[in-house]
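>>> Here's a sequence, model it:
(chains A and B)
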Amino acid sequence: MILGNMTCAMTKINIFCPQKCLVSIFGHIKECRWIRTNSRQLTEITEYDSPITDEYKRGPADGRPLYLDAQATTPMDPRVLDKMMPYFTSYHGNPHSRTHMYGWESEAAVEQARNQVADLIGADPKEIIFTSGATECNNIAVKGVARFYKIKKKHIVTTQTEHKCVLDSCRALQAEGFDVTYLPVQSNGLIDLNQLEEAIRADTSLVSIMTVNNEIGVKQPIEEIGAICRRRKTFFHTDAAQAVGKIPMDVNKMNIDLMSISGHKLYGPKGIGALYVRRRPRVRVEPIQSGGGQERGMRSGTVPTPLAVGLGAACELAKYEMEYDSKYISDLANHLIDKITSNLAHVVRNGDAVAWYPGCVNLSFGCVEGESLLMALKDVALSSGSACTSASLEPSYVLRAIGASEDLAHSSIRFGIGRFTTFNEIDYTAERTIQHVKRLREMSPLWEMVEDGIDLKTIKWTQH
Amino acid sequence: MACTRETILSLYRNLIRESKKWSAYNYRMYALRKIRHEFQQNKLLTDPTKIEECYRQGHEALEMIIRQVTIGNLYGTGPLVIEKQKTNVQ
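Below you'll find the predicted structure:
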């Protein structure tokens, strides 16, 4: 287009005023360029516009969906944000700066946060390492311990239902020549303590078992596992991202040597976590990240003051609110389960009925495809499993590990209940779930067969 | 500072009034529920120092709520599904 303009201008000028042609051509070129750069700037501006468009702000016409995915992340408590704001606005110092006031005030805030985290889990503040989140904690704990003790001990024990970051760390260690035992779980999702005892060998350096499962909410017998590990002289790491702040945790009573904590699962900010590393008896880890040697050399890198303050405030609040929250959440969970199971047949609750964190309700609806139910329940934010794997249609490996059959694993939905969930939301969700499960079942030929009393497992499907 | 029945009741009313201004449904409902719960829990307190302490905490909470309501409403979103439903019913 610009070329066209130029030639056009040239011909015109050549005809009417050949002497001045060079000067005015430059003028025209300049003009053209000005228009072009201007239009480019405009497109750049629209490209980098806020991702929260007006459409998002207004939300769908019938209202924004309810949030029932507290296992993926929790909304930040306003009281936490209130504590963080000053460190976002006024106190911007680097907590590791020792030469001026900006550093000191930030350091004081970080140390107070460390105290608050330690206080919640019964640890010493010196045993808390700030990291970027539970994934990093798990990586430091599993890889760090294994690599540090690799000369004498080359065996790690974990379970099949761990979070992906533990399993993947173990996979990486296997490639380095370590030996990993993946313990199976029983049909209720709990591990067999005798099996654990048998799996621990003389050269086992670490046992890593999560406290509360992120998909089915079962609570492993951490105290017993801790006792076994202490007796067999191996280190015990637990991924307590879903547990800290929701159920009482005490690292000394439970003999935990390393524990992962995540900020955004306990109403704190995203992007921060904390790793508990026992000092007596001392647990040594090989750091993954090299750098300035912050956080006792285990995790180099500047501690983000506002986030650390947020995590500390969230932990302090969690300690204070735990009793009230857990009673409230279990009331809601019981209402949800009662309402759904009393109105629908063939609903299976995944996970143990007693050793269970009520904020995570995992239900399988027979003859209903989980993903289609999620699509139907578009006004409730739900998930069929962990957020990390929610992009794929594969059935959850956790449900497969507890022995759920393929069809039930495909038909599961996880309801996550948190501090800010209301009774009306639960009631609405239950109603909608019942309505849509009934609707989907009416369409399903399998459901007709089940209603006729045919056991689906006995059918021999000829073609695939 | 003396905490009389009047000052405490006025604190309660202020807390409720400010919390109702929250545009975010979940925070608003939590604040209302929690304020009522806390006052219920502590209504039988007799120790004056404890009452004083609770009153001070209540005042801090009030200031926090006022700040957070302002921040929250700056970035407010559309209403949730169940809020819309309620308005339709009315």
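>>> Find the residue closest to A:His410 in space, skipping its chain neighbours.
Sequence neighbours aside, A:Pro395 is the residue nearest to A:His410 in space, at 4.9 Å (criterion: CB to CB, 6 or more residues apart in numbering or on different chains). In short, each C-beta sits where N, CA and C put it, glycine included.
>>> Could I get the contacting residues of the one you found?
A:406, A:409-410, A:412 (CB atoms under 8 Å, 6 or more residues apart in numbering or on different chains).
>>> which among those residues gets closest to chain B?
A:Ser412 (23.1 Å; CB to the nearest CB).
>>> what pLDDT does the closest one get?
Predicted confidence (pLDDT) for A:Ser412: 88.
>>> now it, which residues is it bridged with?
Here A:Ser412 shows beta-bridge partners A:Ser364, assigned using DSSP bridges.
>>> Let's see stretch A:89-97 as CSV, backbone CA atoms only.
Provided in CSV are the C-alpha atoms of stretch A:89-97 (Å, rounded to 0.1, in the frame of the first residue of the first chain):
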residue,chain,number,x,y,z
THR,A,89,3.6,-0.4,48.5
SER,A,90,6.0,1.0,51.1
TYR,A,91,8.5,-1.5,52.5
HIS,A,92,10.2,-2.7,49.3
GLY,A,93,13.6,-3.6,50.8
ASN,A,94,15.5,-6.8,50.1
PRO,A,95,15.3,-8.8,53.3
HIS,A,96,18.9,-9.9,52.8
SER,A,97,20.2,-6.4,52.8
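>>> quick one: buried residues of that stretch?
If you call a residue buried by 16 or more other CB atoms under 10 Å in any protein chain shown, then stretch A:89-97 has these buried ones: A:91, A:93, A:95-96.
>>> what does stretch A:176-186 give?
A:178, A:180-181, A:183, A:185.
>>> Please apply the same query to stretch A:379-388.
A:379-386.
>>> How about chain B: which residue is closest to chain A?
Closest residue of chain B to chain A, CB to the nearest CB: B:Gly78 (3.2 Å).
>>> Just say helix, strand or coil for that residue.
coil (DSSP: H, G, I helix; E, B strand; the rest coil).
>>> Give me the local confidence score for the residue nearest the centre of chain B.
Most central in chain B under CA atoms, centre = their mean is B:Leu15, positioned 3.8 Å from the mean C-alpha point. For B:Leu15, the model assigns a pLDDT of 97.
>>> Please apply the same query to A:Pro51.
77.
>>> Can you pull the phi and psi angles for it?
Backbone torsions of A:Pro51, given as degrees, to the nearest 10, read phi -70, psi -20.
>>> Please report how far it lies from A:His264.
Distance, A:Pro51 to A:His264, by CB to CB, to the nearest Å: 19 Å.
>>> you'd agree A:Gly366 is up against A:Asp455?
No. Contact between A:Gly366 and A:Asp455 fails when scored by CB atoms under 8 Å: they sit 11.7 Å apart.
>>> So for these two, which residue has more residues nearby?
Remark: of A:Gly366 and A:Asp455, A:Gly366 carries more neighbours, 19 against 8, as counted by other CB atoms under 10 Å in any protein chain shown.
>>> Can you pull the residues of chain B lying near chain A?
B:25-27, B:29-30, B:34, B:37, B:64-65, B:67-68, B:71-72, B:77-85 (CB under 8 Å from any CB of the partner chain).
>>> Does A:Gln160 touch A:Gly403 like I think?
No. A:Gln160 lies out of contact with A:Gly403 (CB under 8 Å); the separation is 10.7 Å.
>>> What distance separates the opening and closing residues of stretch A:332-351?
When the termini of stretch A:332-351 are compared using CA to CA, to the nearest Å, they are 18 Å apart.
>>> quick one: is that stretch near chain B?
No. On the criterion CB under 8 Å from any CB, stretch A:332-351 is out of touch with chain B, staying 12.0 Å away.
>>> how many other residues sit next to residue 49?
Since you didn't name a chain, this refers to chain A. 9.
>>> You answered for a different chain; I wanted chain B.
8.
>>> repeat for A:His100
10.
>>> Repeat that for the one 3 residues further on.
By the criterion of other CB under 10 Å, A:Gly103 has 15 neighbours.
>>> confidence score at the residue nearest to it when sequence neighbours are not counted?
Nearest non-adjacent residue to A:Gly103, counting by CB to CB, 6+ apart: A:Ser97, 2.8 Å away. Model confidence at A:Ser97, given as pLDDT, is 95.
>>> now do A:Leu399
According to the model, A:Leu399 carries a pLDDT of 89.
>>> got it, and the one 4 residues further on?
pLDDT recorded at A:Gly403 is 86.
>>> Now do the SS call for it.
With three-state DSSP as the criterion, A:Gly403 reads coil.
>>> Without its sequence neighbours, what residue ends up closest to it?
Counting by CB to CB, 6+ apart, A:Gly403 lies nearest to A:Ser187, which is 4.8 Å off, once chain neighbours are set aside.
>>> A:Leu167 now?
Of all residues beyond its chain neighbours, the one nearest A:Leu167 is A:Thr158 (7.2 Å), with distances taken as CB to CB, 6+ apart.
>>> Give me the neighbour count for that neighbour.
The burial count for A:Thr158: 23, using other CB under 10 Å.
>>> Could you check which helix or strand contains it?
strand A:155-159 (DSSP states H and E).
>>> now for that strand, which elements pack on it?
helix A:134-148, helix A:164-175, strand A:179-183, strand A:204-208 (3 or more CB pairs under 8 Å, 6 or more residues apart in numbering or on different chains; DSSP states H and E).
>>> Average pLDDT for the second one, rounded please.
In other words, helix A:164-175. 95.
>>> Only the buried residues of it, if you could.
So helix A:164-175, judged by 16+ other CB under 10 Å, has buried residues A:165-167, A:169-170, A:173.
>>> Among those, pick out the one closest to chain B, please.
Distances from chain B to the buried residues of helix A:164-175, taken by CB to the nearest CB, are shortest for A:Cys165, at 28.7 Å.
>>> hang on, isn't that closest one packed against A:Ile140?
No. Using CB under 8 Å as the test, A:Cys165 is too far from A:Ile140 to be in contact (10.8 Å).
>>> More neighbours: which of A:Pro51 and A:His264?
A:His264 (23 against 6).
>>> residues contacting that one?
A:73-74, A:76, A:133, A:270-272.
>>> for the chain, what are the low-confidence residue spans?
The chain I'm using is chain A. A:1-48, A:55-59, A:388-389, A:391, A:463-464 (pLDDT under 70).
>>> if you could check chain B rather than the one you did, that'd help
B:1-2, B:87-90.
>>> ok, for the residue of the stretch 251-400 of chain A at minimum distance from chain B, nearest residue in space, not its chain neighbours?
Residue nearest to chain B within the stretch 251-400 of chain A (CB to the nearest CB): A:Asp379, separated by 4.4 Å. Nearest residue to A:Asp379, sequence neighbours excluded (CB to CB, 6+ apart): B:Val81, at 4.4 Å.
>>> Please apply the same query to A:Asn139.
A:Ser169 (5.4 Å).
>>> Just list the residues touching that neighbour, thanks.
A:138-139, A:142-143 are the contacts of A:Ser169 under CB under 8 Å, 6+ apart.
>>> Mind jotting down where the strands sit in the stretch 201-350 of chain A?
A:204-208, A:235-239, A:258-262, A:273-277, A:347-349 (DSSP state E, counting those that start in this stretch).
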